[in-house]
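Undergrad: Got a sequence here, can you model it:
(6 chains)
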Number of protein chains: 6
Amino acid sequence: MTIKAINSRNQFKGIIKRIKRGDVVSEVEVDTGAGVITSVITTSSLDDLGLKPGFEVIALFKSTEVALASFSKV
Amino acid sequence: MTIKAINSRNQFKGIIKRIKRGDVVSEVEVDTGAGVITSVITTSSLDDLGLKPGFEVIALFKSTEVALASFSKV
Amino acid sequence: MTIKAINSRNQFKGIIKRIKRGDVVSEVEVDTGAGVITSVITTSSLDDLGLKPGFEVIALFKSTEVALASFSKV
Amino acid sequence: MTIKAINSRNQFKGIIKRIKRGDVVSEVEVDTGAGVITSVITTSSLDDLGLKPGFEVIALFKSTEVALASFSKV
Amino acid sequence: MTIKAINSRNQFKGIIKRIKRGDVVSEVEVDTGAGVITSVITTSSLDDLGLKPGFEVIALFKSTEVALASFSKV
Amino acid sequence: MTIKAINSRNQFKGIIKRIKRGDVVSEVEVDTGAGVITSVITTSSLDDLGLKPGFEVIALFKSTEVALASFSKV
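TA: A predicted model of the protein is given here:
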């Protein structure tokens, strides 16, 4: 079975830069064209997918999870 | 009061490209220069912040919201 | 490009039973054969994926999104 | 006080199969009719609810947290 | 069946102050006596639970969904 | 650069009461006027923001993350 498409509006391809492995969850930094995206996933998933620094992945997040902030330059 | 920093690991500056206004929630597309990030926020917030196309904003999302996918090039 | 695997621990195959289309987001009910999973996605995504009742899909959600409740039978 | 109903569209009853205890968060696998649902909750909550393998619980998640993927059988 | 306890660390009792009904999702403002908590739930859930202004409810959210910001008073 | 406003409907000012530090994520309890709000953030963010017990912070969470429950007093 192959996944053709996922509804998540936000999908960014990148290379895993760093993995901080934890007992239950792990922090994964992905270097994408838009900058570094940080993900926290279960360590079980990390091992199931066999993710390692240097691997190419897609970082996905739903639009309902994205907040917006306005800012001033000073 | 001014917010100095937010813990969300993922913060991307960009320009609002498009707003699809809805009765309760609205979809906002932010062009970060290296990819478009889509956010869904309440229309009340959209109006409170006075967000319009062309405005500069920061798109924020927590690392626990980011999933990772491995893929093959074929 | 084909997605091989996604980290989300929770992946359930099912048939789309009902779609309630909205201006910005839409509600999609997926019958997994052992229970209905409801998803709310952007209507843009619904159209991009061309989802319709009768289509087979996978419903995915991260483990950090799942709460647990204890209950009594009375 | 007793909770009568919760808005979360997705509620699945099941038996706790496995608990992977962590310092701050713990991973709980729940065997439901629809398959195994994995939850990550704080270890404080795990202890407050006194959850143990063999206990019956309800796994709850909001519909906005559910993504959908289309797939091909090859 | 009665729900005894839910793992969500954050549970706040309050009175529904205002409901902004939408086609697919609705915005519900809950006055907790020490601040208003806003929730967006599916309109289907709103109707299933029969929620109306003046009703007493509990607003629940997982700790992984809460971001923290530091700020300065000027 | 200073953040002027964030769209999250739910923003509660409070004092950090307790921090349970973990290898990848940490649990932070914030005493707000509305009661204690618990947040789980990455330990990297905890250190970047230099958060400590006694510090004043704002707890933020999106309305789409808030579930509602009806209850009976017995």
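Undergrad: Those residues of chain A touching chain B, which are they?
TA: Applying CB under 8 Å from any CB of the partner chain, we find that chain A lies next to chain B at A:3, A:6, A:8-10, A:12, A:27-28, A:30, A:32-35, A:37-41, A:45, A:49-51, A:55-71. For the C-beta atoms, the positions are set from N, CA and C on the backbone; glycine is no exception.
Undergrad: ChimeraX command to pick out the buried ones of the residues you listed?
TA: A single ChimeraX command selects the buried members of the residues of chain A next to chain B (16 or more other CB atoms under 10 Å in any protein chain shown):
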select /A:3,6,8,9,10,12,27,28,30,32,34,35,37,38,39,40,41,45,49,51,55,57,58,59,60,61,62,63,64,65,66,67,68,69,70,71
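Undergrad: Could you list which of the residues of chain A next to chain B belong to helices?
TA: Those of the residues of chain A next to chain B mapping onto helices are A:45, A:49, per DSSP state H.
Undergrad: Tell me which residue of chain A lies closest to chain D.
TA: Chain A approaches chain D most closely through A:Val24 (3.3 Å), counting by CB to the nearest CB.
Undergrad: my guess is that residue meets D:Val28, correct?
TA: No - using CB atoms under 8 Å as the test, A:Val24 is too far from D:Val28 to be in contact (10.1 Å).
Undergrad: between those two, what contacts are shared?
TA: D:20, D:40 (CB atoms under 8 Å, 6 or more residues apart in numbering or on different chains).
Undergrad: Out of the residues of chain A next to chain B, list just those in strands.
TA: If you go by DSSP state E, those have A:3, A:6, A:10, A:12, A:27-28, A:30, A:32, A:35, A:37-41, A:56-61, A:67-71 in strands.
Undergrad: Let me see the contact set for A:Leu46.
TA: A:19, A:21, A:26, A:28, C:7.
Undergrad: Now which of those residues would you call buried?
TA: Applying a neighbour-count criterion of 16+ other CB under 10 Å, the buried members of those are A:19, A:26, A:28, C:7.
Undergrad: For the most centrally placed residue in chain A, which non-adjacent residue is spatially closest?
TA: Centroid-nearest residue in chain A, with CA atoms, centre = their mean: A:Ala59, separated by 3.6 Å. Leaving aside its sequence neighbours, A:Ala59 sits nearest to A:Ile37 (CB to CB, 6 or more residues apart in numbering or on different chains; 4.4 Å).
Undergrad: does the one you found really touch A:Val66, like I thought?
TA: No - checked against CB under 8 Å, the pair A:Ile37 and A:Val66 is beyond contact range at 11.9 Å.
Undergrad: circling back: max pairwise distance over the buried ones among the contacts of A:Leu46: which two?
TA: Distance extremes for the buried ones among the contacts of A:Leu46: the farthest pair is A:Ile19 and C:Asn7 at 12.4 Å, using CB to CB.
Undergrad: Next, show the common contact partners of the two.
TA: Contacts common to A:Ile19 and C:Asn7, judged by CB under 8 Å, 6+ apart, are A:46, A:51.
Undergrad: And chain D, is whichever strand or helix holds A:Lys17 touching that?
TA: Assigned by DSSP states H and E, A:Lys17 belongs to strand A:10-20. No - using CB under 8 Å from any CB, strand A:10-20 stays clear of chain D, with a minimum separation of 10.6 Å.
Undergrad: does chain F sit close to that strand?
TA: Yes - Strand A:10-20 is in contact with chain F by CB under 8 Å from any CB, via A:Lys20.
Undergrad: That strand pairs with which strands, and in what direction?
TA: strand A:25-32 (antiparallel), strand A:56-61 (antiparallel) (DSSP bridges).
Undergrad: tell me which residues in it are buried?
TA: Buried residues in strand A:10-20, counted by 16+ other CB under 10 Å: A:10-14, A:16, A:19-20.
Undergrad: any chance of the residues you listed in TSV, with pLDDT too?
TA: Formatted as TSV, those follow (pLDDT from 0 to 100):
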residue	pLDDT
A:Asn10	93
A:Gln11	93
A:Phe12	94
A:Lys13	94
A:Gly14	96
A:Ile16	98
A:Ile19	98
A:Lys20	98
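Undergrad: tell me the mean pLDDT over stretch A:30-43?
TA: Stretch A:30-43 shows a mean pLDDT of 94.
Undergrad: roughly how far out does that stretch sit from the chain middle?
TA: In this view, stretch A:30-43 has its centroid 4 Å away from the chain centroid, taken as CA atoms, centre = their mean, to the nearest Å.
Undergrad: ok, the residue of chain A closest to chain D to chain E distance?
TA: Using CB to the nearest CB, to the nearest Å, A:Val24 is found at 12 Å from chain E.
Undergrad: ditto for A:Phe12
TA: 20 Å.
Undergrad: and what of A:Ala67?
TA: The value you get for A:Ala67 to chain E, if CB to the nearest CB is used, is 8 Å.
Undergrad: what's that residue in contact with, if anything?
TA: A:Ala67 makes contact with B:8, B:39, B:41, B:59-61, E:67, F:6-8, F:60, F:62 under the criterion CB under 8 Å, 6+ apart.
Undergrad: now swap in A:Ser8 and tell me
TA: A:Ser8 neighbours (CB under 8 Å, 6+ apart): A:60-63, B:67, C:45, D:67.
Undergrad: And A:Lys20, by the same measure?
TA: So A:Lys20 contacts A:26-28, F:23-24, F:44 (CB under 8 Å, 6+ apart).
Undergrad: Can you pick out the most distant pair from these?
TA: So, those by CB to CB: farthest apart are A:Val28 and F:Asp23, at 14.1 Å.
Undergrad: For the closest residue to A:Gly50 other than its chain neighbours, list each beta-bridge partner.
TA: Excluding the flanking residues, the one nearest A:Gly50 by CB to CB, 6+ apart is B:Ser70, at 7.9 Å. Note on B:Ser70: beta-bridge partners A:Val57, C:Ala5, judged by DSSP bridges.
Undergrad: Surely B:Ser70 touches A:Phe55?
TA: Yes - contact criterion CB under 8 Å: B:Ser70 and A:Phe55 qualify, at 7.1 Å.
Undergrad: so how many other residues sit close to A:Asp47?
TA: 11 (other CB atoms under 10 Å in any protein chain shown).
Undergrad: The closest residue to A:Ile19 other than its chain neighbours: what's it in contact with?
TA: Among residues not flanking A:Ile19 along the chain, A:Val28 sits closest, at 5.3 Å (CB to CB, 6+ apart). The contact partners of A:Val28, by CB under 8 Å, 6+ apart, come to A:16, A:18-20, A:38-41, A:46, A:51, B:68.
Undergrad: swap the cut-off to 7 Å and go again
TA: Contacts for A:Val28 (CB atoms under 7 Å, 6 or more residues apart in numbering or on different chains) come out as A:16, A:19, A:39, A:41, A:51, B:68.
Undergrad: same thing with A:Glu56?
TA: A:13, A:15.
Undergrad: Would you agree A:Gly33 is in contact with B:Ala34?
TA: Yes - applying CB atoms under 7 Å, one finds A:Gly33 in contact with B:Ala34, separated by 4.2 Å.
Undergrad: Cool, thanks, signing off.
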